[in-house]
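A.B. asks: What shape does this take:
(one chain, ligands or ions: 1)
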Amino acid sequence: MERNEFIKSLGLGVALVCTGSCMTGCGSKSDNPTPSPGGGPGGGTTGTKVNVDLSTQLLSVGSFISSGGVLFVRLATGNTTSSFTATQATCPHQGGTLNWIQASSLIECALHASQYTPAGGIVRQPSDGGTTAALKVYATSISGTTLTATIS
Ligand code: FES
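C.D. replies: Sure, this is the predicted structure:
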């Protein structure tokens, strides 16, 4: 075998190896939201109560906090349950972190920028072309200065 032929055959072999490993590495990802047991990704365990102390947290309209798998957002002044929303803390699409965007009054995923209403409705699908699902929204109650969400 001539040197040139040997190099050409070697190059083809490398190309095939690269193609195979790239195809494996780029395997399909699921865009089907698959809730995990207990309220979806980051949703915590069903029945768990998660508390926020309103004397020190969520003091201003538009403030938000993730705790125990729950994203709490203060939507209005006053310490009544209608002043808050409590949703799952991570995105149903692929588990990205959810943040409150006060300027648009929407919840937005940090990973693929999907957006949701405070009631969990989908406003914008993920930027990667995938499909997300509505957010789980949890029942809340207030006792004194303690806001409680019950994961369902
Ligand atoms: S993980 Fe949130 S949009 Fe993809």
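
A.B. asks: Could you use CA atoms for every contact and neighbour count after this?
C.D. replies: OK.

A.B. asks: contacting residues around stretch 75-89?
C.D. replies: 39-43, 54, 60-62, 66-67, 69-74, 97-98, 118-120, 135-142, 145, 147, 149 (C-alpha atoms under 8 Å, 6 or more residues apart in numbering).

A.B. asks: Strands along the chain, start to end?
C.D. replies: 49-53, 64-67, 70-74, 84-88, 98-101, 106-109, 115-116, 122-124, 139-143, 146-150 (DSSP state E).

A.B. asks: Among those strands, which comes closest to the ligand?
C.D. replies: Smallest distance to the ligand across the strands of the chain (C-alpha to the nearest ligand atom): 4.6 Å, for strand 106-109.

A.B. asks: Can you work out which other helices and strands pack against that closest one?
C.D. replies: With contacts taken as 3 or more C-alpha pairs under 8 Å, 6 or more residues apart in numbering; DSSP states H and E, strand 106-109 sits against strand 98-101, strand 115-116.

A.B. asks: follow-up on the earlier one: could I get the strands of the chain as a markdown table with mean neighbour count, distance to Thr131 and mean pLDDT?
C.D. replies: Putting those into a markdown table (neighbours: other C-alpha atoms under 10 Å; distance: least, C-alpha to C-alpha, whole Å; pLDDT from 0 to 100) gives the following:
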| stretch | mean neighbour count | distance to Thr131 | mean pLDDT |
| --- | --- | --- | --- |
| strand 49-53 | 18 | 29 | 98 |
| strand 64-67 | 18 | 23 | 98 |
| strand 70-74 | 26 | 21 | 98 |
| strand 84-88 | 26 | 17 | 98 |
| strand 98-101 | 22 | 16 | 98 |
| strand 106-109 | 24 | 13 | 98 |
| strand 115-116 | 26 | 12 | 98 |
| strand 122-124 | 15 | 9 | 98 |
| strand 139-143 | 15 | 26 | 98 |
| strand 146-150 | 21 | 27 | 98 |
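
A.B. asks: Make CSV from those strands and add distance to the ligand to it.
C.D. replies: CSV is the format used below for the strands of the chain (distance: least, C-alpha to the nearest ligand atom, whole Å):
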stretch, distance to the ligand
strand 49-53, 23
strand 64-67, 15
strand 70-74, 14
strand 84-88, 12
strand 98-101, 7
strand 106-109, 5
strand 115-116, 8
strand 122-124, 9
strand 139-143, 23
strand 146-150, 22
